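A.B. asks: Need a 3D model of the sequence below.
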Amino acid sequence: MSTVSYETNEAPPELRSTIWPWQVADLILVAELMILLPGLLFLPWPWLRIPLGIFAVLLAPGYALTAALFVGREDLDGIERAGLSIGLSVALIPPLALVLDWLPWGIRPMPIAIGLAVMTCTFCVIAGVRRHLHRDPYKMVPYEELRLRTWRMTPAGMAAVGALIVVVVWATIVYTVILTTPTRFTEFYALGAGGLAEDYPRVAVVGEPVTVTLGINNEEGATRTYRIEVQSSEESLASVGPFEIADGMAWTEAITFAVPTPGNDQAIDILLFTHEDPEPYRQLRLWLDVRGQP
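C.D. replies: Numbering: from 1, shown residues only. Modelled structure (predicted):
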């Protein structure tokens, strides 16, 4: 029996890809999580906000941009796609911060969250459209082959996944420790003539008094003992204290001193000490042009 074959000059019909939900499931998931990102700021659960925040900042924007740039599965393997996603996510943050700095909303948590969500969702839409127009986007993989691919991960792939898990876990632990550790500090500041952080004395006369208002806020978690020294070229000009300030309380007082020698751009150091510590705890500096007596 012979077989007869027929040849035809007709070109095969052009393959036209049809988008299926499973082909863009990853993009839909990323977009949904990013849409929920602004609402995370109001949640009182750090165990949920921290992992999702890390995902939204360090992975989602770069993943969406990578999907938009490299449509085919064969363009990048899993390790390359994961590394590029993290790298692009980090690279996208500075331009976003620069744009927000120009806008009236400024660089604050809510504008940052909304900006990340809008940017990532835009990349997801572009990636979805490009997958639809691609001749052969992500092919449907039979279950058995998919299971074999999953279990046949190379050592390099396992190392990359392990490294990613370690980074996420450590970032979560460090951020949680920072978030739950109370901040202890003492605020030391000087006020000008109008009671604001401006209009400081700039010109003085030898031997004539110069007045500056100093303020201390104690947020150390306990009562602290302070003293203040005003020095010029290691010469003491005035001192206040020691005195105690309770935790959470503020102290404000005008201090007066006189500079004994003339000269331009003289550095006047205002030093804050705690307890019996010989080293200054905080330091302020004024620059004065001191003129001689007329």
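A.B. asks: For the residue nearest to residue 84 when sequence neighbours are not counted, give me its contacts.
C.D. replies: Closest residue in space to residue 84, ignoring its immediate chain neighbours: residue 66 at 5.0 Å, by C-beta to C-beta, 6 or more residues apart in numbering. Yep, even glycine has a C-beta here, placed from its N, CA and C like the rest. By C-beta atoms under 8 Å, 6 or more residues apart in numbering, the contact list for residue 66 reads 76, 81, 84-85, 88.
A.B. asks: how far does stretch 197-213 sit from the chain's center?
C.D. replies: 39 Å (C-alpha atoms, centre = their mean, to the nearest Å).
A.B. asks: Can I get that stretch as CSV, trimmed to CA atoms?
C.D. replies: In CSV, the C-alpha atoms belonging to stretch 197-213 read as follows (Å, rounded to 0.1, in the frame of the first residue of the first chain):
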residue,chain,number,x,y,z
ALA,A,197,14.5,78.1,65.2
GLU,A,198,15.7,81.2,63.2
ASP,A,199,16.9,84.7,63.7
TYR,A,200,19.8,83.7,65.9
PRO,A,201,22.3,86.3,67.2
ARG,A,202,24.9,87.0,64.5
VAL,A,203,26.7,90.1,65.7
ALA,A,204,27.8,90.9,69.3
VAL,A,205,30.0,93.4,71.1
VAL,A,206,32.8,92.5,73.4
GLY,A,207,31.6,92.4,77.0
GLU,A,208,27.9,93.0,76.2
PRO,A,209,25.3,90.2,76.9
VAL,A,210,24.1,87.8,74.3
THR,A,211,20.8,86.0,75.0
VAL,A,212,19.8,82.7,73.5
THR,A,213,16.7,80.6,74.5
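A.B. asks: what residues does it touch?
C.D. replies: Residues from elsewhere that reach stretch 197-213 (C-beta under 8 Å, 6+ apart): 189-193, 195, 252-262, 270, 286-294.
A.B. asks: And residue 103, how far from residue 117?
C.D. replies: Going from residue 103 to residue 117 by C-beta to C-beta, to the nearest Å gives 15 Å.
A.B. asks: ditto for residue 128
C.D. replies: 16 Å.
A.B. asks: can you pull the contacts of the residue nearest to residue 105 when sequence neighbours are not counted?
C.D. replies: Ranked by C-beta to C-beta, 6+ apart and with sequence neighbours excluded, the top spatial neighbour of residue 105 is residue 111, at 4.1 Å. Neighbouring residues of residue 111 by C-beta under 8 Å, 6+ apart: 100, 103, 105.
A.B. asks: Show the backbone phi and psi for residue 111.
C.D. replies: Dihedral pair for residue 111: phi -60, psi -40, per degrees, to the nearest 10.
A.B. asks: ok, so of the contacts of residue 66, who is nearest residue 37?
C.D. replies: Nearest to residue 37, judged by C-beta to C-beta, of those is residue 85 at 16.7 Å.
A.B. asks: what's the helix or strand for the closest one?
C.D. replies: helix 78-102 (DSSP states H and E).
A.B. asks: same check, this time on residue 189
C.D. replies: Per DSSP H and E: strand 185-191 holds residue 189.
A.B. asks: now do residue 104
C.D. replies: Using DSSP H and E, residue 104 is not contained in any helix or strand.
A.B. asks: I'd like the distance between it and residue 111.
C.D. replies: Distance, residue 104 to residue 111, using C-beta to C-beta: 10 Å.
A.B. asks: low pLDDT regions in the stretch 151-294 of the chain?
C.D. replies: For the stretch 151-294 of the chain, applying pLDDT under 70 flags the ranges 151-183, 234, 294.
A.B. asks: switch the cut-off to 80
C.D. replies: Applying pLDDT under 80 to the stretch 151-294 of the chain picks out residues 151-184, 192-199, 233-234, 275-277, 292-294.
A.B. asks: For it, which segments count as helices?
C.D. replies: Chain-ordered helices for the stretch 151-294 of the chain, with DSSP state H, counting those that start in this stretch as the definition, fall at 155-180.
A.B. asks: what ranges do the strands span in it?
C.D. replies: All strands of the stretch 151-294 of the chain, identified by DSSP state E, counting those that start in this stretch, fall at 185-191, 203-205, 209-219, 224-232, 235-245, 250-258, 263-274, 282-291.
A.B. asks: Strand partners (parallel or antiparallel) of the second one?
C.D. replies: Pairing partners of strand 203-205, with direction, according to DSSP bridges: strand 282-291 (parallel).
A.B. asks: okay, the angle between the strand it pairs with and strand 185-191?
C.D. replies: If you take axes from the mean of the first three to the mean of the last three C-alpha atoms, to 10 degrees, strand 282-291 sits at 20 degrees to strand 185-191.
A.B. asks: Cool, thanks, talk later.
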